[in-house]
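[1] I'd like to go over a predicted model; first the sequence, then the structure.
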Amino acid sequence: MRLKMYDLAGADERYRFSPYCWRVRLACAHKGLPLDTVPWRFSEKALLPSPNEGTVPVLVDGDTVLGDSWKIACYLDERYPEHPLFEGPQAKSQALLIKYSTERTLHPFITRMVVRDVWMALHEKDKPYFRQSREKRLGKTLEDFVADREDARAQFRQAIEPLRATVAEQTFISGATPGFSDYIVFGTFMWARCVSNFEVLEVGDPVWVWRNRLLELYDGLARRAMRNPALV
């Protein structure tokens, strides 16, 4: 039986940019699990299978419906133990630290750099919701919020120094082979890469090299992903 995932899409349904959905896509590829993705948009909450929290990813595996990328990864390792995403309970606990560090440290920087670019390629029915909800949350227009993105990029490059030091010493965050810790962080870089042509990394940076390794995994799954069609 093939797995099915509801995956955030833009105006062009081939355009997929959610960092959380990318985590699950790579996790399934890692485990060799066939995955069908269903394009979903912010205004289509009623189309999600139950139970859901009104967000994606939502994974459907037979009668099981599960949201939240972390819960999905844990489920996949329990249900399909071959090719584990976490090499034991200690690795799983360490990956949880990576998850929260990524979401609470790196995501705010990425938002400061690309949030307006996200809006540009959304379906027209999603644009009002996205602009209104994000501007309420950010306290500024999308345009004003990204006005200092050069400064945000400089701060971001400083903030990833621990990641830089790690991947300068070893091939992946998880060690010699990739694991879910890599997919968590890489999902964030895929978000930036898919939605914007504003390059967040300097060419040759150890993190840039690590990102390229992830782009080539699984027959270039991530490398082939459509980038923001509004910026082409």
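    On my side now, so go ahead. Residues are numbered from 1 along each chain as shown.

[2] Nearest residue to residue 42 in space, please, no chain neighbours.
    residue 126 (4.5 Å; C-beta to C-beta, 6 or more residues apart in numbering). From N, CA and C alone the C-beta is placed, and that goes for glycine too.

[3] give the contact list for the one you found.
    41, 42, 43 (C-beta atoms under 8 Å, 6 or more residues apart in numbering).

[4] What of residue 145?
    111, 112, 115, 116, 135, 138.

[5] most surrounded residue in those residues?
    Neighbour counts for those peak at residue 115, which has 23 neighbours (criterion: other C-beta atoms under 10 Å).

[6] Neighbours of residue 32, how many?
    Residue 32 has 10 neighbouring residues, counting by other C-beta under 10 Å.

[7] And the pLDDT at the residue nearest to it when sequence neighbours are not counted?
    Spatial nearest neighbour of residue 32, excluding adjacent residues (C-beta to C-beta, 6+ apart): residue 83 at 6.2 Å. Residue 83 carries a pLDDT value of 98.

[8] thought residue 83 was touching residue 28?
    No: in this structure residue 83 lies outside contact range of residue 28 using C-beta atoms under 8 Å: 10.4 Å.

[9] which of those two has more neighbours?
    residue 28 (24 against 14).

[10] residues of stretch 207-215 that come out buried?
    207, 208, 210, 211, 214, 215 (16 or more other C-beta atoms under 10 Å).

[11] how near is residue 197 to residue 168?
    When distance is defined by C-beta to C-beta, to the nearest Å, residue 197 is 26 Å away from residue 168.

[12] circling back: how about the residue nearest to residue 32, secondary structure?
    Assigned by DSSP: H, G, I helix; E, B strand; the rest coil, the conformation of residue 83 is coil.

[13] Just list the residues touching the residue nearest to residue 146 when sequence neighbours are not counted, thanks.
    Closest residue in space to residue 146, ignoring its immediate chain neighbours: residue 116 at 4.9 Å, by C-beta to C-beta, 6+ apart. Taking C-beta under 8 Å, 6+ apart, we find residue 116 in contact with 142, 143, 145, 146.

[14] Among these, name the buried ones.
    142, 145, 146.

[15] got a pLDDT number for the second one?
    According to the predicted model, the pLDDT of residue 145 comes to 98.

[16] What are the buried residues along the strand or helix carrying residue 115?
    Per DSSP states H and E, residue 115 falls inside helix 107-120. For helix 107-120, a neighbour-count test (16+ other C-beta under 10 Å) marks 109, 110, 111, 112, 113, 114, 115, 116, 117, 118, 119, 120 as buried.

[17] immediately after that helix, which helix or strand?
    Per DSSP H and E, the first helix or strand lying C-terminal to helix 107-120 is helix 127-138.
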